[in-house]
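>>> Okay, sequence plus prediction incoming.
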Amino acid sequence: MKPYGLSLLLVILLLLSGCGLETKTFGEFYERDLNDVSKIEIVDGSTGYEVATTDYEKIQDFIGEIKDVQFIPDDDQGKRDGFRYSITLFENDVRTFQFGDTHINGNYYHTEPDIYPIVDRFFTTIEQKEK
């Protein structure tokens, strides 16, 4: 009877561990059509500066670079303070999605490839304004 109980416990633990966060690409997180994004705002968490663009070509170039980036759940999901970048997507002035280079929907991730240099490069190509 004991081996049966141990086996049952292991099966339950395996099932529960499978119900957690999973690796997804940015395109899988964004449940709308990425071609409809009409504005992107990015806030630098260390300076408070914000950039925004409605240039469709720049938006699509940026989305093309990040849509296949994989967000891999961090083992440590404990609360953290601060952020490097916060990115907000809009469709016709309606905010449709907000995420950070290390978080989406309140969960923490690392990315493959690293999304930080992509966001940083995009941030520096757009005119900055103080928030």
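Alright, I've got the coordinates.
>>> mind saving the C-alpha coords of the strand or helix carrying Glu65 as CSV?
Taking DSSP states H and E as the definition, Glu65 sits inside helix 56-66. The C-alpha coordinates for helix 56-66 follow below in CSV (Å, rounded to 0.1, in the frame of the first residue of the first chain):
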residue,chain,number,x,y,z
TYR,A,56,4.2,52.6,-38.2
GLU,A,57,7.5,51.5,-39.8
LYS,A,58,9.4,51.9,-36.6
ILE,A,59,6.7,50.2,-34.6
GLN,A,60,6.6,47.2,-37.0
ASP,A,61,10.5,47.0,-37.0
PHE,A,62,10.4,46.9,-33.2
ILE,A,63,7.6,44.3,-33.1
GLY,A,64,9.4,42.2,-35.7
GLU,A,65,12.5,42.1,-33.4
ILE,A,66,10.5,41.2,-30.2
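>>> so what does the helix or strand following it touch, helix or strand wise?
Later in the chain than helix 56-66, the nearest helix or strand by DSSP H and E is strand 70-73. Helices and strands touching strand 70-73, by 3 or more C-beta pairs under 8 Å, 6 or more residues apart in numbering; DSSP states H and E, are strand 24-25, strand 107-112. Every residue, glycine included, has its C-beta placed from N, CA and C.
>>> Give the next helix or strand downstream of strand 70-73.
strand 85-91.
>>> strand partners of the helix or strand in which Val43 is found, parallel vs antiparallel please.
For Val43, the host element (DSSP H and E) is strand 39-44. The strands beside strand 39-44 in its sheet (DSSP bridges) come out as strand 49-53 (antiparallel), strand 85-91 (antiparallel).
>>> how far does the shortest one sit from the chain's center?
On the basis of C-alpha atoms, centre = their mean, to the nearest Å, strand 49-53 is displaced by 18 Å from the centre of the chain it belongs to.
>>> Just give the closest residue to Thr96, not the sequence neighbours.
Distances taken as C-beta to C-beta, 6 or more residues apart in numbering place Leu89 nearest to Thr96, at 5.3 Å, with adjacent residues excluded.
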